[in-house]
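K.L.:
sequence and predicted structure, then a few things I'm wondering about:
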Amino acid sequence: MCTAATYKTRDFYFGRTLDYEFSYGDQITITPRNYPFHFRHAGVIDTHFAIIGMAHVAENYPLYYDAINEKGLGMAGLNFVGNAAYADVKPGLDNIAQFEFIPWILSQCASVAEVRTLLARMNLVNTPFSKQFPLAQLHWIISDKEESITVESMSDGLHIYDNPVGVLTNNPPFPQQMFQLNNYMHLSPKQPANTFADDLALSAYSRGMGALGLPGDLSSASRFVRVAFTRMNARSGDSELESVSQFFHILGSVDQQRGCCEVADGKYEITLYTSCCNATKGIYYYTTYENHQITAVDMKRENLDSRTLICYPVIQGEKIHFQN
Ligand SMILES: C[C@H](CCC(=O)NCCS(=O)(=O)O)[C@H]1CC[C@H]2[C@@H]3[C@H](O)C[C@@H]4C[C@H](O)CC[C@]4(C)[C@H]3C[C@H](O)[C@]12C
């Protein structure tokens, strides 16, 4: 399971949890402006916006999981198993392989409005990266500081949905996720009043009872409701430290602990990493399952006019601050 979210204070923040039972070997990867992107069916883009995100680099190609570009646009791919379907190549359209989707969008678009224009002539195709990396079944959230959309490529075509909650998890398809929020419209961060029955002396005996009924399990449908409630009600100061701190707390609402989600005998899905990008400034913050200290890579500290990928290994291992 995975969860992505957006958050806006003075700057715009975009990030995700990546939940899985193993890591593909990820690196914080910066694609500078002059790295040539060779698309399988759509030619070459030699010069483009710089990108920073989490990727597996194979054959010198950044296979991004989630990333932002220097214009403040963010995009993340999340599992959509059983529903994702990619098309065959069709002449007359921009045929983009599933693994090229993040580079295609983030290299060229400065806003969601521009993304909509590109998507109108795009065909997301079933060309795998290699035998070793077959097609991943994903759907995507794409966001700027004003709006988010969800993109789902299914057997009946490419769907583009407005995403007014700025969050995404996994199955079921996005319209169903949104619809089920109706079931929770009574939830509130405020204490409830007794509307059960006038004749009963019911009282709010504990703080937090306004959100009683918020689903607590790890299913993607439940995580969608939980992170939507947390994200829509989250309040913080607007400084960088307050915003980043609050962002990690929002995604902390759907953190997955080892042992609670068994995917095979003795194998457990866990939150391998959590990212929080300051999309306005181009900073990629992250924590990992084994390292709660926030680590950051700032793309603006690199030479963004170069041609070669810049990679930083994910720092693991808890750093404990002894006070005595
Ligand atoms: C496994 C990751 C998704 C995690 C997730 O959504 N978990 C939820 C599990 S479940 O639904 O609840 O079962 C996805 C996100 C991005 C994916 C990677 C990126 O798409 C980049 C390449 C794409 C290649 O086709 C496959 C390897 C790969 C390197 C992908 C491996 C894997 O599928 C990743 C890492």
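P.N.:
Arrived safely. Residues are numbered from 1 along each chain as shown.
K.L.:
show me which residues of the chain are close to the ligand?
P.N.:
Within reach of the ligand by Cβ under 6 Å from any ligand atom, the chain has these residues: 1-2, 18-20, 24, 56, 63, 65, 77-79, 81, 99, 129, 133, 135-136, 138, 170, 220. Quick note: C-beta positions are derived from backbone N, CA and C, even for glycine.
K.L.:
near residue 40, how many other residues are there?
P.N.:
Residue 40 has 15 neighbouring residues, counting by other Cβ atoms under 10 Å.
K.L.:
and it, how far is that from residue 142?
P.N.:
21 Å (Cβ to Cβ, to the nearest Å).
K.L.:
same question for residue 112.
P.N.:
In this view, residue 112 and residue 142 are 6 Å apart by Cβ to Cβ.
K.L.:
between the two, tell me which one has more neighbours.
P.N.:
residue 142 (27 against 23).
K.L.:
quick one, what contacts the more buried one?
P.N.:
For residue 142, the contact set (Cβ atoms under 8 Å, 6 or more residues apart in numbering) comprises 73-75, 105, 112, 115, 148-151.
K.L.:
looking at those, which one is closest to residue 304?
P.N.:
Lowest distance from residue 304 to the contacts of residue 142 (Cβ to Cβ) belongs to residue 73, with 15.4 Å.
K.L.:
hang on, the earlier thing: mutual contacts of residue 112 and residue 142, please.
P.N.:
Taking Cβ under 8 Å, 6+ apart as the criterion, residue 112 and residue 142 both touch 73, 148-149.
K.L.:
as CSV, these with pLDDT and neighbour count would be great.
P.N.:
Formatted as CSV, the shared contacts of residue 112 and residue 142 follow (pLDDT from 0 to 100; neighbours: other Cβ atoms under 10 Å):
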residue, pLDDT, neighbour count
73, 98, 26
148, 98, 22
149, 98, 20
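K.L.:
now these as a markdown table including secondary structure?
P.N.:
Converted to a markdown table, the shared contacts of residue 112 and residue 142 look like this (DSSP: H, G, I helix; E, B strand; the rest coil):
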| residue | secondary structure |
| --- | --- |
| 73 | coil |
| 148 | strand |
| 149 | strand |
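K.L.:
ok so, going back, out of the residues of the chain next to the ligand, name the ones that lie in strands.
P.N.:
Secondary structure from DSSP state E places 2, 18-20, 56, 63, 65, 77-79, 138 of the residues of the chain next to the ligand in strands.
K.L.:
which pair in those spans the largest distance?
P.N.:
Greatest spacing in these, by Cβ to Cβ: 19 and 63 (18.0 Å).
K.L.:
the more surrounded of these two?
P.N.:
residue 19 (26 against 21).
K.L.:
from what I can see the more buried one touches residue 2, true?
P.N.:
Yes - applying Cβ atoms under 8 Å, one finds residue 19 in contact with residue 2, separated by 5.2 Å.
K.L.:
residues in contact with the closest residue to residue 280 other than its chain neighbours?
P.N.:
Nearest non-adjacent residue to residue 280, counting by Cβ to Cβ, 6 or more residues apart in numbering: residue 11, 3.8 Å away. Contacts for residue 11 (Cβ under 8 Å, 6+ apart) come out as 238, 240, 243, 278-281.
K.L.:
helices of the protein, residue ranges please.
P.N.:
Taking DSSP state H as the criterion, the chain carries its helices at 101-108, 112-120, 174-180, 220-233, 240-252.
K.L.:
could you report the neighbour count for the residue of the stretch 201-324 of the chain at minimum distance from the ligand?
P.N.:
Residue of the stretch 201-324 of the chain nearest the ligand, by Cβ to the nearest ligand atom: residue 220 (5.6 Å). Residue 220: 20 surrounding residues under other Cβ under 10 Å.
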